[in-house]
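**Q** sequence and computational prediction follow.
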Amino acid sequence: MSSYKILLIEDDLKAVNLITTALSLDGHRVTPITDGHAGLLQASMQLWDLLIVDRMLPRIEGLALVKTLREVSVNTPVLFLTALDGIEDRVEGLRAGGDDYLVKPFSVVELLARVEALVRRCHVQKEVQYLQVEDLLLDRMTRSVTRAGQLLALTPREYQILDYMMRLAGQIVTARMLLDNIWNFSFDPGTTVIESHISRLRAKINNTGGELLYTVRGKGYRLGARVV
């Protein structure tokens with residue numbers, strides 16, 4: 001059984017506890033958010049294997065949340081979880097960008113099965129061999145990286161960081177995001193581990209063809225053309 005990183009956006013605390021417990025016992029890492037606006041930010045800033053989204057949420061309701069994500073090219077699979085069980089409601093959810101729709105009350109067994117099937121299907125559909133940002137090319141099959149045709153010698157950790165940042169090209173990647181997604185730390189170790197790795201990776205990339213990976217002071221790091 002695979003382990004997935006799941007963002008649960010649900011304001012019913014009883015449902016939050018039930019779903020979080022069930023998914024955690026099944027081996028998944030679940031982050032619950034009870035507010036639509038906060039959920040939108042989390043869904044936009046980090047990479048997730050799956051979003052489970054309630055339709056009725058405070059501040060930003062579920063349909064608008066998913067529509068916004070799709071408009072900014074966040075293609076994480078979405079499972080709508082809601083008490084709205086009409087055919088029109090389901091169609092509306094799917095047209096908004098949802099990938100599946102589960103009606104409350106639901107069976108935990110069915111929820112787990114849908115999560116597994118949905119993530120597996122979307123991963124097969126969306127997995128790509130190459131990632132490219134300008135003249136920087138990463139080949140996932142051979143785990144090789146070139147810039148302007150020149151091979152870059154990266155350590156395994158540098159390769160992981162670059163793969164992650166290339167999937168978020170143009171966006172600010174914070175140290176917290178790197179700790180969560182590359183090191184799997186749930187806390188800040190209080191060291192310069194991120195800074196050291198980024199510094200070495202930046203030198204290898206930038207020295208080969210001009211600035212492409214740079215620091216956004218006070219915020220994090222960005223891969224791609226500098227925003228003026």
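**A** Cool, the structure landed. Numbering: from 1, shown residues only.
**Q** list the buried residues for stretch 147-164?
**A** 147, 152, 154, 158-164 (16 or more other CB atoms under 10 Å). Yep, even glycine has a C-beta here, placed from its N, CA and C like the rest.
**Q** need the three-state assignment for the nearest residue to E158 once chain neighbours are set aside.
**A** Ranked by CB to CB, 6 or more residues apart in numbering and with sequence neighbours excluded, the top spatial neighbour of E158 is L201, at 4.7 Å. When classified by DSSP: H, G, I helix; E, B strand; the rest coil, L201 comes out as helix.
**Q** for R147, see how far away L201 is.
**A** 12 Å (CB to CB, to the nearest Å).
**Q** OK, contacts around L162?
**A** 138, 145, 154, 201, 205, 223 (CB atoms under 8 Å, 6 or more residues apart in numbering).
**Q** among those residues, name the buried ones.
**A** Neighbour counting by 16+ other CB under 10 Å classes 138, 145, 154, 201, 205, 223 among the contacts of L162 as buried.
**Q** excluding covalently adjacent residues, which one is nearest to the fifth one?
**A** To tie it back to what came earlier, the one meant is I205. L213 (4.9 Å).
**Q** tell me the contacts of the one you found?
**A** 165, 198, 201-202, 205-206, 221-223.
**Q** how close does it sit to I87?
**A** In terms of CB to CB, L213 sits 48 Å off from I87.
**Q** restrict the lowest-mean-pLDDT helix or strand in the chain to CA atoms and write it as CSV.
**A** In the chain, the helix or strand scored least confidently by mean pLDDT, DSSP states H and E is helix 108-126, which has a mean of 79. Only the C-alpha atoms of helix 108-126 are listed here, as CSV (Å, rounded to 0.1, in the frame of the first residue of the first chain):
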residue,chain,number,x,y,z
VAL,A,108,-14.6,4.6,5.5
VAL,A,109,-13.8,1.5,3.4
GLU,A,110,-15.1,3.3,0.3
LEU,A,111,-13.2,6.5,1.1
LEU,A,112,-10.0,4.6,1.4
ALA,A,113,-10.6,2.7,-1.9
ARG,A,114,-11.4,5.9,-3.7
VAL,A,115,-8.3,7.7,-2.4
GLU,A,116,-6.1,4.8,-3.5
ALA,A,117,-7.7,4.5,-7.0
LEU,A,118,-7.9,8.3,-7.6
VAL,A,119,-4.2,9.0,-6.7
ARG,A,120,-3.0,5.9,-8.6
ARG,A,121,-4.9,6.9,-11.7
CYS,A,122,-3.9,10.5,-11.7
HIS,A,123,-0.2,9.6,-11.1
VAL,A,124,-0.2,7.3,-14.1
GLN,A,125,-1.8,10.0,-16.2
LYS,A,126,0.4,12.9,-15.1
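**Q** what helices or strands is that helix leaning on?
**A** Judged by 3 or more CB pairs under 8 Å, 6 or more residues apart in numbering; DSSP states H and E, the packing partners of helix 108-126 are helix 13-25, strand 50-54, strand 78-82, strand 100-103.
**Q** so is the residue nearest the centre of the chain in a helix, a strand, or just coil?
**A** Residue closest to the mean C-alpha point of the chain, counted by CA atoms, centre = their mean, is L47 at 1.3 Å. Under three-state DSSP, the three-state class of L47 is coil.
**Q** so it sits against R167, correct?
**A** Yes: between L47 and R167 a contact is recorded at 6.4 Å, counting by CB atoms under 8 Å.
**Q** against M56, how distant is N181?
**A** From N181 across to M56, the span is 30 Å (CB to CB).
**Q** kindly report the same for T142.
**A** Applying CB to CB to T142 and M56 gives a distance of 47 Å.
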